[in-house]
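K.L.:
Kindly return the folded structure for what I paste below:
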Amino acid sequence: MEDLLSFALNFNGFTAYFLIFSILLACGLGLPIPEDITLFVAGMLAYYGIVNVWLVIIVCLAGVLIGDSSIFFLGAKYGGELAKHPYLSRFLPPERIEAVKVKLHKNGDKLIFTARFMPLLRAPTYFAAGTLHLPFREFLYYDGLAALISVPTIVGAVYYFGDLADQVIQTIKDVEHGVILIVLAVIAIIAAEWYLTHRKQS
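P.N.:
Residues are numbered from 1 along each chain as shown. I've put the predicted structure just below:
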């Protein structure tokens, strides 16, 4: 997370908005970066004054909904063919898609809405909704409704409590540095014991 934030801090103005939008769009298409982390970074950029909080929320909503819609249309157009592709099957496991299809038949509207708050179910749900040829307007309505709750909540919370988020990030960095020092110390002790043992034997 801090690596993505450090990278994003190198940009400002239009480029910063475009970066956030592009990452969220790519997340929807399978980029292995959690969407919520990108929203967290967007909130931190607003906290640092690099982007406007309301404008970046709109940009995030656009990136999220276009990414979700892309998965839906991929499912509608290519369905089973893409599900069998070796690369895509890692992100959209066939067994998970089939399980989602069963649930969509029973509670389609509720599942589309709920999936936005469940990262592991998002892509399979939207893809399966496309393969079942659910009306796009219906899909966009429930996905958009959920996004209007999740996106402003995450970005806004990070923006308003940015000082606490800053402390959390610093704590994570300190812990990581501490772990690295411990690992290096253990390696040094093992190397010293190995050297002393072999020196006595020789």
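
K.L.:
ok, residue 29 - contacts?
P.N.:
Residue 29 sits next to 67, 70-71 when contact means C-beta atoms under 8 Å, 6 or more residues apart in numbering. (Each C-beta comes from the backbone N, C-alpha and C, glycine too.)

K.L.:
Of these, which is the nearest to residue 43?
P.N.:
residue 67 (18.3 Å; C-beta to C-beta).

K.L.:
mind listing the helices for the protein?
P.N.:
Secondary structure of the chain, counting by DSSP state H: helices at 2-8, 13-28, 35-47, 53-83, 88-91, 94-115, 119-131, 136-160, 162-201.

K.L.:
Please parse the protein into its domains.
P.N.:
For the chain, automatic domain parsing gives the domain ranges 2-160, 167-202.

K.L.:
Tell me the confidence at residue 54?
P.N.:
The model reports residue 54 with a pLDDT of 94.

K.L.:
for the contacts of residue 29, which one is nearest residue 48?
P.N.:
residue 67 (24.8 Å).

K.L.:
The closest residue to that closest one other than its chain neighbours - how many residues pack around it?
P.N.:
Of all residues not flanking residue 67 in the chain, residue 28 sits nearest, at 2.0 Å (C-beta to C-beta, 6 or more residues apart in numbering). Residue 28 sits with 22 neighbouring residues when counted by other C-beta atoms under 10 Å.

K.L.:
Apart from its chain neighbours, what residue comes closest to residue 17?
P.N.:
Nearest to residue 17 is residue 59, by C-beta to C-beta, 6+ apart, at 4.9 Å.

K.L.:
residue contacts, the one you found?
P.N.:
When contacts are counted by C-beta under 8 Å, 6+ apart, residue 59 touches 17, 20-21, 42.

K.L.:
neighbour-wise, which of the residues you listed leads?
P.N.:
Of these, with other C-beta under 10 Å as the count, residue 42 tops at 32 neighbours.
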